[in-house]
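>>> Structural data only, the sequence is not supplied:
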C-alpha cells in the first residue's frame, strides 16, 4: 500500500507521567518541528475557514498510575448531516483516533509504548481553532467510535450537539455541515480545496493547529474506486488528514487520507490521496443502522 498519512502523526505528546508511573519500557516518540509560523494557504478571510474543524484524541492508563488524560494526537475533521442518530456525523482520520490499529504508520519497534493502549484508554474531543491556532471551543465526544474496515477514517458523534451548535454560532463558525457529492463522473479533473489544519508541534506538547486551505486538482480514481489522487499546490502537511475535500460548488467530494509516499508510483509521489465521498456515504448508512 503506497498510501501513508500526510507525514504520519508522530504523536508528539508528553509521556513523562506515563514513564514515571509505568512499569513498562516505552520509547521516546519522534518530535516534529517546523520553522513556519503560518502555513501557505492560511487566510483569516478565506470563505472556507468556517469548515475547518479539529478532532483530538487523549489517553490515560489508570492501571499504570496515569490518571489524568494527556494528548495523543490531533488532525482535521468535518461534519456531515445524519439521517438519524445523535446529531450530525463527525468524520475524521481513524489513525489519529486509534493509532494502535495502524502499525503500518506507527511501527511497533519504534512506538512500543503505543501498543499498550486500547480503546478503553482513549477519549476524543471536537475542537474549533482561530487562525493563530488558539482553541476557541472544545467538547468531548461520545465514547463509541465507528472505524471503516478498509479506509483510514472513522465516524464519531457529539454528546449534545445543540450545545455545540450554539457555541459555533456564537463564534461565527457554523455549524457548517458538508453535502457529500457521490457522483464520481465529475471527479476526475475537478478543481478542489483541501480544508484542514497545519500542525505545528515543535517543543509544544499540545500541538498547535492552524487552519489551512490548499488548492488541488483530482487526477483520477483507483481501479476499485476506493481511493482517488490529486495534485496540490503545496505538499500537504501534518494535520490535514481527515479534512474535507470540497469542489467549487462547496460539495464534499472526499476526505484527505494522506499523501503518496516516496516508495509509491513515481507519477503520484507527493500527491494527495483522498477517500471518495461515495465510500464515506456508504459507511454512514451502515453506522446509522446501529442507531435504530
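Nice, I can see it. Every value quoted in this text rests on a predicted model; they were computed, and no experiment measured them.

>>> Can you tell me the strand partners of the one helix or strand residue 275 maps to and which way each runs?
Element membership for residue 275 (DSSP states H and E) is strand 272-276. Strand 272-276 pairs in its sheet with strand 228-232 (antiparallel), strand 252-260 (antiparallel), by DSSP bridges.

>>> Out of these, which is the most enclosed?
Highest mean neighbour count among these (mean count of other Cβ atoms under 10 Å): strand 252-260, with a mean of 27. To be clear about C-beta, it is placed using only N, CA and C from the backbone, and glycine gets the same treatment.

>>> Give me the mean pLDDT for that strand.
Mean pLDDT, computed over strand 252-260, is 89.

>>> Could you do stretch 61-72 as well?
For stretch 61-72, mean pLDDT rounds to 90.

>>> Give me the distance between it and the centre of its chain.
Put simply, stretch 61-72 sits 23 Å off its chain's centre (Cα atoms, centre = their mean, to the nearest Å).

>>> What residues sit buried inside that stretch?
By 16 or more other Cβ atoms under 10 Å, the buried positions in stretch 61-72 come out as 61, 64, 66, 70-72.

>>> in the chain, which ranges drop under the pLDDT threshold?
For the chain, residues meeting the criterion pLDDT under 70 lie at 1-45, 84-86, 201-207, 262-266, 291-292.

>>> so how many other residues sit close to the closest residue in space to residue 238 that isn't next to it in sequence?
Residue nearest to residue 238 in three dimensions, not counting chain neighbours: residue 199, with 4.1 Å by Cβ to Cβ, 6 or more residues apart in numbering. Residues lying near residue 199 (other Cβ atoms under 10 Å) number 30.

>>> isn't residue 199 right next to residue 237, touching?
Yes: between residue 199 and residue 237 there is a contact at 6.6 Å, judged by Cβ atoms under 8 Å.

>>> Show me whatever sits in contact with both of those two.
The contact sets of residue 199 and residue 237 do not overlap (Cβ atoms under 8 Å, 6 or more residues apart in numbering).

>>> residue boundaries of the helices in the stretch 151-292 of the chain?
Remark: helices assigned in the stretch 151-292 of the chain by DSSP state H, counting those that start in this stretch are 161-171, 277-289.

>>> May I see the buried residues of the shortest one?
Read it as helix 161-171. Those would be 161, 164-165, 167-168, for helix 161-171 by 16+ other Cβ under 10 Å.

>>> check contacts around the closest residue to residue 165 other than its chain neighbours.
In this structure, residue 165 finds its nearest non-sequential neighbour in residue 175, 4.8 Å apart by Cβ to Cβ, 6+ apart. Going by Cβ under 8 Å, 6+ apart, residue 175 touches 79, 88, 161, 164-165, 168-169.
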